[in-house]
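J.: Structure here, sequence nowhere to be found:
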């Protein structure tokens, strides 16, 4: 991996010590080790989340910490390769990382996730730390998405934005060598009527673990989705963080 000045993992200890004196803060990304159908890698959320965070860092004077590459993936835990942490485990891991950073007088700590299932945990933890320590420098930002861009998809949106046209397009733009379009399936599952009202794993009604048509993916569409997420979130961070 080529050295990246916005990635804190490439810094030596003295370099990091100097950098945090002047930068706006750090980003902690949370991803997942999760099945993404038959055509995308287990690392999909980590790749997309980390790459978007690095591009945001370029525009916001932030550093990106080494990512947390496992997350809460209860819905997909029935598929091979998926590793799911309990919310309490992820929260405790994040809490100890944040406490270590706060002890080093970091100006701001930005929590982001490439995996939607983690986001409520990030928000809850920020609230808990505010109540416990009074810390007001912990932020949580979801990955921004555009209704206009979503409407440009070739295929209708599935019930969950998982391994379908949009996510496959983003990875096709970022890491095309890891995408196997010839293996993509078209699945538009109709969930059971009781799905919203009781716990149910995806493998109870989805065959491959993907929702939508990944074969419709297009790298240019992926570029637009990634750039929207980067620019929108970076603009918001620049408005709010000082």
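T.: Looks like it came in fine. Source: prediction; values computed, not measured.

J.: Can you tell me which helices and strands the helix or strand where residue 239 lies packs against?
T.: Under the criterion of DSSP states H and E, residue 239 resides in helix 219-240. Helix 219-240 sits against helix 44-60, strand 138-141, helix 147-151, helix 165-174, with contacts defined as 3 or more Cβ pairs under 8 Å, 6 or more residues apart in numbering; DSSP states H and E. C-beta coordinates here come from the backbone N, C-alpha and C atoms, glycine included.

J.: buried sites along the first one?
T.: In other words, helix 44-60. Neighbour-count burial for helix 44-60 flags 44-57, 60 (criterion: 16 or more other Cβ atoms under 10 Å).

J.: Which positions in stretch 130-141 come out as buried?
T.: Buried residues in stretch 130-141 (16+ other Cβ under 10 Å): 137-141.

J.: Tell me which helix or strand in this structure has the weakest average pLDDT.
T.: Within the chain, no helix or strand scores below helix 147-151, which has a mean of 85 by mean pLDDT, DSSP states H and E.

J.: quick one: low-confidence parts of this protein?
T.: For the chain, applying pLDDT under 70 flags the ranges 1, 157-160.

J.: I'd guessed residue 73 sits against residue 86; true?
T.: No. With contact defined as Cβ atoms under 8 Å, residue 73 does not count as touching residue 86 (10.6 Å).

J.: Look at these two and report which has more neighbours.
T.: Applying other Cβ atoms under 10 Å to residue 73 and residue 86 shows that residue 73 carries more neighbours, namely 21 against 11.

J.: Next up, the contacts around that one.
T.: Counting by Cβ atoms under 8 Å, 6 or more residues apart in numbering, residue 73 makes contact with 32-34, 82-85, 115, 117.

J.: The same query, at a cut-off of 6 Å, please.
T.: Listed by Cβ atoms under 6 Å, 6 or more residues apart in numbering, the contact set of residue 73 reads 32, 34, 82, 84, 117.

J.: How about it, nearest residue that isn't a chain neighbour?
T.: residue 84 (4.2 Å; Cβ to Cβ, 6 or more residues apart in numbering).

J.: doesn't residue 77 make contact with that neighbour?
T.: Yes. Between residue 84 and residue 77 there is a contact under Cβ atoms under 6 Å: 4.4 Å.

J.: Tell me which of those two has more neighbours.
T.: residue 84 (19 against 15).

J.: which residues touch the more buried one?
T.: 73-74, 77.

J.: Bridged to it, which residues?
T.: Beta bridges link residue 84 to residue 71 when assigned by DSSP bridges.

J.: how about the residue sitting nearest the centre point of the chain, what does it touch?
T.: Central residue of the chain (Cα atoms, centre = their mean): residue 114, 0.7 Å from the mean position. By Cβ under 6 Å, 6+ apart, residue 114 lies in contact with 31, 45, 48-49.

J.: and if we set it to 7 Å?
T.: The neighbourhood of residue 114, defined by Cβ atoms under 7 Å, 6 or more residues apart in numbering, consists of 29, 31, 45-46, 48-50, 143.
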